[in-house]
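>>> Provided below are the primary sequence and the corresponding predicted coordinates.
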Amino acid sequence: MTGPSDTSGPFDKLVGDAQAEFDRAESKPLREAWLGLDLPAIRIDLAGRLRAAGIDEAEIETRHLLTHVLAPASLAQALADPALVSWQTVAHLADLTWERLKRKPLSQVLGNQPFWTLDLIVTGDVLTPRADTETLVDAVLDARKDAVLDVLDLGTGSGAILLALLSERPGWRGVGVDVSPAALAIARHNAAACGLEARTGFVEGRWSAGLAEASFDIVVSNPPYIVSDVMASLDPEVRDFEPALALDGGADGLDAYRDILADLPRILRTGGLFACEIGYDQGEAVSALARGAGLDGVRVLADLAGQDRVVIGYNS
């Protein structure tokens, strides 16, 4: 027999569940602030909050966040038709914005990052691929146009460099090495998502130590190169959310280059190409290490901002 208090139906339960979810959401302050606001007003408020949090590209990031939650509708369509913006959409936007306001990188908030022509999965287990690193990809593609080559990517992280190279050269094969099993899981996922799984392999290990007798035509790397004493002064997005293992280059920022170049004569074939990313002030030091490892034709290449970004050389 039903008692007098058992009068709620399915709709009442739905409303109750929605209210409970609203109340326990960490982003509740944002959800409350945006109640009753239309999309243009939310857009203005969101950008203002990002600016207040010290995020320089607040307007650009606002557009990225809105585009993400509104998909498959475009921002223009949603601005023209308020019916495309549900309370669930606003709640999702509030959740993502709340994470970004903590200075969590936008790539980790959204879960992906464009690099080269690819869209890569990104988590806190890997560095976010940066546009500056495309300088390395450009340099390798410009230097080697052979139809069939073997490529090694040391410290592959998300797989960004290796996958970008293979995406442009259908006959190339590649191996990515990383000491982090979590990073390798991301790299494998990205290789499969990019349709490059058949031409890639991944190995857990510290630089080239676990590669036995393998050798390669191209060796690339974006190793950790930040001076240890500088780590604490990095932007919160990097310092607090990206793996220190992939950032900290030791007392002078050159530890990884020494380790990589010491074994390079063993793994780089005669005539092979070596290319690595560097910090803006490390061109001379890394070039000297490369020459010390027996490389010829060593030179430093600048990125689009004019900063030294890549050291390249050949095993002749």
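That came through, no problem.
>>> From now on I want contacts and neighbour counts done on CA atoms only, so please keep to that.
Noted.
>>> Mind listing residues that contact stretch 112-130?
107-108, 111, 131, 134, 157-158, 160, 164, 182-183, 186, 189-190, 194, 241-243, 246 (C-alpha atoms under 8 Å, 6 or more residues apart in numbering).
>>> how far does it stretch from start to finish?
Using C-alpha to C-alpha, to the nearest Å, the end-to-end distance of stretch 112-130 comes to 12 Å.
>>> Only the buried residues of that stretch, if you could.
112-116, 120-129 (16 or more other C-alpha atoms under 10 Å).
>>> thinking again about what came up before, filter the contacts of stretch 112-130 down to the buried ones, ChimeraX style.
The buried subset of those, as determined by 16+ other C-alpha under 10 Å, is captured in ChimeraX by this line:
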select :107,108,134,157,158,160,164,182,183,186,189,190,194,241,242,243,246
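>>> Point out the ones among the contacts of stretch 112-130 that are inside helices.
107, 108, 134, 160, 164, 182, 183, 186, 189, 190 (DSSP state H).
>>> Identify the farthest-apart pair in the residues you listed.
The most widely separated members of these are 134 and 182, with 23.4 Å between them, by C-alpha to C-alpha.
>>> nearest to residue 68, of the buried residues of stretch 112-130?
Of the buried residues of stretch 112-130, the one sitting nearest to residue 68 (C-alpha to C-alpha) turns out to be residue 112, at 10.6 Å.
>>> From residue 309, how far out is the closest one?
24 Å.
>>> And for residue 175?
Per C-alpha to C-alpha, residue 175 is found 23 Å from residue 309.
>>> These two: who's more crowded?
Shown here are residue 175 and residue 309; by other C-alpha atoms under 10 Å, residue 309 has more neighbours (24 against 21).
>>> Go ahead and confirm the more buried one touches residue 286.
No: the criterion here is C-alpha atoms under 8 Å, and residue 309 misses it with residue 286 at 10.9 Å.
>>> what sits in contact with each of those two?
residue 278.
>>> Just the closest of the buried residues of stretch 112-130 to residue 96, please.
residue 112 (13.2 Å).
>>> How about that closest one, nearest residue that isn't a chain neighbour?
Nearest non-adjacent residue to residue 112, counting by C-alpha to C-alpha, 6 or more residues apart in numbering: residue 121, 4.4 Å away.
>>> For the one you found, what are phi and psi?
phi -70, psi 140 (degrees, to the nearest 10).
>>> Measure how buried residue 38 is and give me the count.
What residue 38 shows, counting by other C-alpha under 10 Å, is a neighbour count of 13.
>>> Quick check: the residue nearest to it when sequence neighbours are not counted vs residue 215, distance?
Once flanking residues are discounted, residue 38 sits nearest to residue 82: 7.5 Å by C-alpha to C-alpha, 6+ apart. Distance, residue 82 to residue 215, by C-alpha to C-alpha: 59 Å.
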